[in-house]
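Colleague: I would like to see how this sequence folds:
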Amino acid sequence: MDFEPDKFFIGLTDFFAILLPGALLAYCLNGAGLGHVLLGSGYANLKGTEAWVAFLFVSYLLGHFIFLLGSWLLDDRVYDTIRNATTYRQIRRLASQDRKEKGKKVASATVLWLASRFIRQDKDSDRALAQTLRIRDKYLDRLNSPSGINAFQWCKARLNLEHREAFATVERLEAASKFFRSLIVVLGPLALWGTGLSILSLLTLALPKLGVHRWNGPAVALVSLILLYLALWRYVDQRLKATNQAYWYVITLEAKGASAPQPSQFSVPGSDVPDISRAGGVVYRNRDNRPEYLLVQATSAPNEWVLPKGHIELGETMQETAVREVHEETGVWASIGPPLDVMRYTVADEPVTVQFYLMHSLREGKAGEKREHKWFPLHEALQKATHPQTRRLLELADRQMSAR
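Modeller: Residues are numbered from 1 along each chain as shown. Reported below is the predicted structural model:
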């Protein structure tokens, strides 16, 4: 029989993702005096081989429960939540015209912070996913069930059939993420246990009589929280690398068997309008039952107040550009609404055409550009706006608001 190091490594890491976290939890539970609950009152009297057999049995059993809980709790509810909180994905969601996406809110401040710390904020991985979905749908559309398997699992299945070395690489990364996923499930209760001991140490003096040092609780809580943060970081990092690697492999395999595509095949529909080169928004918020509108200082003329707008980047739709530019210039996350009108003007003897949308403010944060921005009621916004076209767009937006 041939020895395959890749399979051995994957199996070993997968085994550790079950046994080691289970052993850690079993040891901590026994140290907390709960061993008799798991194996009966005779557990404390076990010695030698019997004690090891009982310990390994409990560790393996708890490990499977930990693995199951981690898969249910972390993959869909934690990882996907953090993954969808990147700047690029939020722009895509807020600019989406899909009814399923409309109405979704901006991620919480905590999730945004975690995404900024754990995930590299670039567009490549999201574009890789979009391209992979197009490849998957091309093959599965003939079955009338393209959503029957998610993109990552489809990539793994294809790599397992066509490129075993690539499949092993993805499996190694995923196995590492599973280990840290299980570790998170163990560290969470440990942090809570340490916090509980800390609270008890402040409320009672009975802990020393029970053989528990008053500093054990804070120490366990602090160490567990630090390790929990690092384990979560490593879990997200390894899972992101596994999914991205699978997407990149499949895209490369597909490219090897295809003719060179035209650039338009990789662009997002809606961004190839020849005349329109920029997009922006008339952003409103409701304050004291009346709308207020957002104006920002012009880049080249700080004394001028204009609407946020900017260039359409390659692969962007006009709606995505509007959401991105509003966020970059003012720090405001706003969802896309109906189109308002097109503004045409000239800069350095070159014609500029901008598509504007009515946009609803969802949350305010830190702007990426050092330009002052302010909210104004309609009459003040009309007085503050520098250009007649800006005032016309504000009035048009207000009429649409009133008609709702």
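
Colleague: could you give the number of residues near Trp305?
Modeller: Number of residues near Trp305 (other CB atoms under 10 Å) recorded here: 21. For the C-beta atoms, the positions are set from N, CA and C on the backbone; glycine is no exception.

Colleague: who's in contact with it?
Modeller: The neighbourhood of Trp305, defined by CB atoms under 8 Å, 6 or more residues apart in numbering, consists of Leu295, Val296, Gln297, Ala298, Lys374, Lys384, Ala385, Thr386, Thr390.

Colleague: show me these that map onto strands.
Modeller: Within the contacts of Trp305, residues falling in strands by DSSP state E are Leu295, Val296, Gln297, Lys374.

Colleague: what's the separation between the second one and Asp76?
Modeller: Looking back up the chat, that one is Val296. According to CB to CB, to the nearest Å, Val296 and Asp76 sit 38 Å apart.

Colleague: filter the ones in strands among the contacts of Trp305 to the buried ones?
Modeller: Neighbour counting with 16 or more other CB atoms under 10 Å marks Leu295, Val296, Gln297 as buried within those.

Colleague: where does the first one land on pLDDT?
Modeller: Spelled out, it's Leu295. Reported pLDDT at Leu295 in the predicted model: 94.

Colleague: that one and Glu313: what is the separation?
Modeller: With distances taken as CB to CB, Leu295 is found 24 Å from Glu313.

Colleague: and stretch 23-37, average pLDDT?
Modeller: Stretch 23-37 carries an average pLDDT of 67.

Colleague: ugh, typo on my part, it should be stretch 226-236
Modeller: Per-residue pLDDT values across stretch 226-236 average out to 93.

Colleague: same question, stretch 178-191
Modeller: Across stretch 178-191, pLDDT averages out at 90.

Colleague: then that stretch to PDB, C-alphas only?
Modeller: Backbone C-alpha positions of stretch 178-191 (Å, rounded to 0.1, in the frame of the first residue of the first chain) are rendered in PDB as follows:
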ATOM      1  CA  LYS A 178     -11.700  22.900  11.700                       C
ATOM      2  CA  PHE A 179      -9.100  22.500  14.500                       C
ATOM      3  CA  PHE A 180      -9.400  26.200  15.500                       C
ATOM      4  CA  ARG A 181     -13.100  26.100  15.100                       C
ATOM      5  CA  SER A 182     -13.300  23.400  17.700                       C
ATOM      6  CA  LEU A 183     -10.900  25.200  19.900                       C
ATOM      7  CA  ILE A 184     -13.200  28.300  19.900                       C
ATOM      8  CA  VAL A 185     -16.100  26.200  21.200                       C
ATOM      9  CA  VAL A 186     -14.000  25.000  24.100                       C
ATOM     10  CA  LEU A 187     -12.500  28.400  24.900                       C
ATOM     11  CA  GLY A 188     -15.900  30.100  25.000                       C
ATOM     12  CA  PRO A 189     -17.100  28.200  28.100                       C
ATOM     13  CA  LEU A 190     -13.700  28.400  29.700                       C
ATOM     14  CA  ALA A 191     -13.900  32.200  29.400                       C
END
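
Colleague: contact partners of it?
Modeller: With CB under 8 Å, 6+ apart as the test, stretch 178-191 has contacts from 13-14, 16-18, 20-21, 24-25, 28, 63, 66-67, 69-71, 73-75, 220-221, 224-225, 227-228, 231-232, 234-235, 238-239.
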